[in-house]
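S.K.: One predicted model, sequence on top.
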Amino acid sequence: MQTNLASWARETDLGQDADEILRRCVHCGFCLATCPTYQLLGDERDSPRGRIYLMKQVLEGIEPTTATQTHLDRCLTCRNCETTCPSGVQYGALVDIGRKIVDEKVERPLTQRLSRAALRGLLNSPLFGPALKLGRVLRPMLPEVLRNKVPQARPAGALPSGKSHARQVLMPLGCVQPAMMPSIDAATVRVLDAVGIGARMVAGAGCCGAINFHLDAQDAALDQMRANIDAWLPLLDSGEAEHIVMNASGCGAMVKEYAHHLRHDPDYVVKALRVADKTCDVAEILAPHAAQLKAMLADLPQRAAFHPPCTLQHWQGLRGASERLLADLGFDLQPFSESHLCCGSAGTYNMLQPEIATRLRDRKLANIGKTQPDLIAAGNLGCMTQIGSGTDTPIVHTVELLDWATGGPKPKALERG
Ligand code: SF4
Ligand code: SF4
């Protein structure tokens, strides 16, 4: 596509980055067929090609409006379009730039500014845990959009008794996962321990930055990334830890892209590359241990559906990795239609765009429901919460399932089974 950027855009790093991406788009429209918002809304401006055109207009000097902002807001950043695009258009990087520029030019209504600031503050705060406990008490009285974000408590269970292993990895504790579902981190530690890998948490590290990044605070997010790099890299460089293991695919996707986000920071871009290079999803590090895990299998459910989070299949390109691991272990996985489509979770999207998010969740559940699984597995807390809010079928993290199958506690979600 030909572009003619306004001088203010041509002179900035972000403008030049955007121009390079825009020029790759040939306007073929292949991406429309796999875009969830276009599928639901049928408006070209809610498709990847339409949004690309809106961003091109802004970079060429046409003033954005609240309508421009709305169409960019409705994008789930699922990156299904990137998987589909034959020209390799990096839509995700482009929409990050487009949103930043549009948000600087179009002031959001006060209610939106307040809700975004409240989400940033709460999800990044040490008060999130106590607030969640209160939310669980008040759960029956909460409006549906909030109730859906407050899953029932799942106890973590006992951790391994301190056996030391030659192989050590870092396991970042996400911002909300330890309070919302501590069973996921505990199960990860137990399963890694079972295959001879010790996991340790690191002081000084915190949220991966995704919350701030996607809620209009990109500079604060970059500071969080730098702090994490400073906490993790010395341990990786010294050989005290071999990998950073992520059990939330949204956070894993973000950390793997640290070098992209810090590309204009000469002090951190190389460090970020080294961190990203050592980061892997829990399914990746466990894959070579499938036979070892299989030898320990204690119990198996009958039929399971695996929901591949967008951040696993489209962002990290790990489509099939968790499925292969579960199948290798003997789980009877049920394929279902449209597994490439987002469930509507998308970070805080389901709170900011609840109507679209709920329609996507129900579409996902209708497809999964046709296979009548005994349980649903996923690799990301956000997807688990979103999908779980619309079904009685138990939903568990992949690693909770592995933990149970290898002698760990049965996930609370499965207790009635
Ligand atoms: S598929 Fe790729 S090249 Fe074609 S319109 Fe979509 S983004 Fe552009
Ligand atoms: S990221 Fe997802 S929702 Fe956004 S344009 Fe691409 S396919 Fe559509």
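M.R.: Perfect, I can see it now. Ligands and ions are numbered 1, 2, ... in the order given.

S.K.: In three-state terms, label whichever residue of the stretch 301-417 of the chain sits closest to ligand 2 for me.
M.R.: Per Cβ to the nearest ligand atom, Cys342 is where the stretch 301-417 of the chain lies closest to ligand 2, at 6.5 Å. C-beta: built from backbone N, CA, C; applies to glycine. Secondary structure, DSSP: H, G, I helix; E, B strand; the rest coil: Cys342 is coil.

S.K.: Return the residues in contact with it.
M.R.: Cys342 is in contact with Pro36, Leu76, Cys78, Asn80, Cys310, Leu360, counting by Cβ atoms under 8 Å, 6 or more residues apart in numbering.

S.K.: so which strand or helix has Glu168?
M.R.: Just to correct that, residue 168 is Gln rather than Glu. Secondary structure assigned from DSSP states H and E places Gln168 in strand 167-170.

S.K.: Listing partners with orientation, what would you give for that strand?
M.R.: strand 197-200 (parallel), strand 243-246 (parallel) (DSSP bridges).

S.K.: Indicate which one of the ones you listed is closest to Ala186.
M.R.: Proximity to Ala186 (Cβ to Cβ) singles out strand 197-200 among the strands paired with strand 167-170, at 10.3 Å.

S.K.: Flag every buried residue along that closest one.
M.R.: Ile197, Gly198, Ala199 (16 or more other Cβ atoms under 10 Å).

S.K.: ok now do Asn380, which residues does it touch?
M.R.: Asn380 touches Ala248, Ser249, Gly250, Pro309, Thr311, Leu312, Ser345, counting by Cβ under 8 Å, 6+ apart.

S.K.: What about these, which are in helices?
M.R.: Secondary structure from DSSP state H places Ser249, Gly250 of these in helices.

S.K.: ok, and which of the contacts of Cys342 reach ligand 1?
M.R.: Among the contacts of Cys342, not one lies near ligand 1 by Cβ under 6 Å from any ligand atom.

S.K.: Mark which of these are buried, thanks.
M.R.: Pro36, Leu76, Cys78, Asn80, Cys310, Leu360.

S.K.: Kindly tell me how buried Pro354 is, as a neighbour count.
M.R.: Neighbourhood size, Pro354 [other Cβ atoms under 10 Å]: 16.

S.K.: now it: how far from Leu360?
M.R.: 11 Å (Cβ to Cβ, to the nearest Å).

S.K.: if we can go back for a sec, would you turn the buried residues of strand 197-200 into CSV with distance to Met296 and pLDDT?
M.R.: CSV is the format used below for these (distance: Cβ to Cβ, whole Å; pLDDT from 0 to 100):
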residue, distance to Met296, pLDDT
Ile197, 14, 96
Gly198, 18, 95
Ala199, 18, 93
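
S.K.: closest to ligand 2 among the residues you listed?
M.R.: Ligand 2 has its nearest neighbour among the buried residues of strand 197-200 in Ala199, at 32.1 Å by Cβ to the nearest ligand atom.

S.K.: can you redo the strands paired with strand 167-170 as JSON lines with distance to ligand 1?
M.R.: Output for the strands paired with strand 167-170, formatted as JSON lines (distance: least, Cβ to the nearest ligand atom, whole Å):
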{"stretch": "strand 197-200", "distance to ligand 1": "39"}
{"stretch": "strand 243-246", "distance to ligand 1": "28"}
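
S.K.: Tell me which of those lies nearest to Lys294.
M.R.: Taking the strands paired with strand 167-170 one by one with Cβ to Cβ, strand 197-200 is closest: 16.9 Å.

S.K.: Please pull up the helix or strand immediately following that closest one.
M.R.: Following strand 197-200 in sequence, per DSSP H and E, is helix 210-214.
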